[in-house]
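Asks: turn this into a model:
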Amino acid sequence: MLSTTAVAVAPGCMLASPARSSVAPPPARLAAENVVFPSESGSRIHAWLVRGRPGGGAVLLLHGVGANRSSMLGRAQFLHDDGFTVLAPDFQAHGESPGEHVTFGARESLDAAAALRFLRNVAPAESIGVIGVSMGGAATLLGPGPIPADAFVLESVYPTIRQAVSDRLATWFGPLGAIGRWFTPAVINIVGNEIGVSESELQPISRIGKIHGPLLLIAGTEDPYTPLAEAESLYARAPAPKSFWAVKGAGHEDIHAFERQEYEKRVGNFLMRHLQTVPAITGANNGPQVRDSIRTTRSAAQPSDRYVTP
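Replies: Residues are numbered from 1 along each chain as shown. Below you'll find the predicted structure:
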């Protein structure tokens with residue numbers, strides 16, 4: 001039994017280990033600046049800042065567990081092309097930001113709050129949205145949050161850490177998934193003691209009702225780590241206005257990469273509608289183009305209360 005418990009607990013401990021790494025420079029066409037700012041997590045947060053146009057809005061990009069800001073490059077590029085100012089940070093204990101443990105959104109929530117403050121100082125006249133992926137979405141809601149953004153795009157976010165751990169253990173154990181789920185309390189206790197975070201601090205579903213701003217919640221229909229029913233339970237607790245996009249065939253993965261064209265249309269439309277105040281005449285990197293027509297086309301196809309990619 002002890003050895004079986006160790007097999008169950010080991011992956012959780014590995015996920016809590018720092019995911020520090022050097023981050024390669026972004027493509028030159030993104031024109032990103034390297035910036036550093038402090039966080040109450042105790043870390044100094046390393047980030048990319050991409051300046052947009054006046055009235056173009058701003059977006060904070062928050063990556064998932066074990067990743068870093070480079071995982072958000074695709075999103076940063078299309079948002080930059082749409083005129084947004086973009087800030088993409090490495091959470092504490094990720095990428096180039098120091099930290100002792102990954103905390104699944106607890107300490108990272110302090111980094112999210114610090115990043116939003118930094119972005120408001122850089123772009124004080126802009127409305128600010130956030131795209132939070134998995135742990136990045138949890139960090140948007142937890143700790144001192146929800147962060148006071150003006151619009152929210154939350155992707156593949158777990159409702160409770162107990163569900164997140166249980167789903168992962170069941171997936172990792174394969175045919176013995178029911179046995180894997182049995183170890184959920186032990187994993188939560190052991191890993192929680194290691195990182196200094198209690199289960200009660202990791203309950204996004206208890207916080208999402210406090211957001212103030214429109215929400216687009218995105219989930220993959222084949223996500224084993226955050227099954228669709230769990231994503232729907234999170235959505236049910238969110239206040240209106242809200243929309244739900246169930247991406248057919250997507251797992252717990254980069255949904256932008258999985259469904260790039262549809263993602264950029266739906267998410268771009270949502271953020272343009274809620275954040276931009278001045279239509280663009282030229283794109284930052286695309287050369288002259290009639291941006292008003294793009295905005296009008298996107299606005300004509302506003303997302304319904306619920307929709308699934310065919």
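Asks: tell me where the stretch 151-300 of the chain has helices.
Replies: Here the stretch 151-300 of the chain has its helices, by DSSP state H, counting those that start in this stretch, at 161-172, 177-182, 184-195, 228-236, 255-258, 260-275, 291-300.
Asks: which SS state does the residue most central in space within the chain fall under?
Replies: Most central in the chain under C-alpha atoms, centre = their mean is Gly132, positioned 1.7 Å from the mean C-alpha point. Per DSSP: H, G, I helix; E, B strand; the rest coil, the secondary structure class of Gly132 is strand.
Asks: and it, what is it in contact with?
Replies: With contact set as C-beta atoms under 8 Å, 6 or more residues apart in numbering, Gly132 has these partners: Leu62, Ala112, Ala138, Ala139, Thr140, Phe152, Val153, Leu154, Glu155, Val157. For glycine as for every other residue, the C-beta is placed from the backbone atoms N, C-alpha and C.
Asks: name the SS class of the fourth one, please.
Replies: Just to be clear, that refers to Ala139. The three-state label given to Ala139 by three-state DSSP is helix.
Asks: contact partners for it?
Replies: Leu62, Phe91, Gly105, Glu108, Ser109, Asp111, Ala112, Gly132, Gly145.
Asks: next: the last one.
Replies: Taking C-beta under 8 Å, 6+ apart, we find Val157 in contact with Gly132, Ser134, Gly137, Ala138, Leu141, Pro204, Leu217, Thr226, Ala231, Leu234.
Asks: quick check, pLDDT for Gly145.
Replies: pLDDT recorded at Gly145 is 87.
Asks: same question, Pro25
Replies: We have a pLDDT of 95 for Pro25.
Asks: ok so it is a strand residue?
Replies: No - read with three-state DSSP, Pro25 is coil and lies in no strand.
Asks: now do the contacts for it.
Replies: Residues counted as contacts of Pro25 (C-beta under 8 Å, 6+ apart): none.
Asks: Ala250: neighbour count?
Replies: The tally of other residues near Ala250 (other C-beta atoms under 10 Å) stands at 23.
Asks: so who does it touch?
Replies: For Ala250, the contacting residues are Ala219, Gly220, Thr221, Glu222, Asp223, Phe258, Glu259, by C-beta under 8 Å, 6+ apart.
Asks: just the ones of those in strands?
Replies: Ala219, Gly220 (DSSP state E).
Asks: can you add distance to Glu40, neighbour count and pLDDT and give the contacts of Ala250 back as JSON lines?
Replies: Listed next are those as JSON lines, based on distance: C-beta to C-beta, whole Å; neighbours: other C-beta atoms under 10 Å; pLDDT from 0 to 100:
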{"residue": "Ala219", "distance to Glu40": "30", "neighbour count": "26", "pLDDT": "98"}
{"residue": "Gly220", "distance to Glu40": "32", "neighbour count": "26", "pLDDT": "98"}
{"residue": "Thr221", "distance to Glu40": "37", "neighbour count": "15", "pLDDT": "98"}
{"residue": "Glu222", "distance to Glu40": "37", "neighbour count": "14", "pLDDT": "98"}
{"residue": "Asp223", "distance to Glu40": "31", "neighbour count": "21", "pLDDT": "98"}
{"residue": "Phe258", "distance to Glu40": "34", "neighbour count": "15", "pLDDT": "98"}
{"residue": "Glu259", "distance to Glu40": "35", "neighbour count": "20", "pLDDT": "97"}
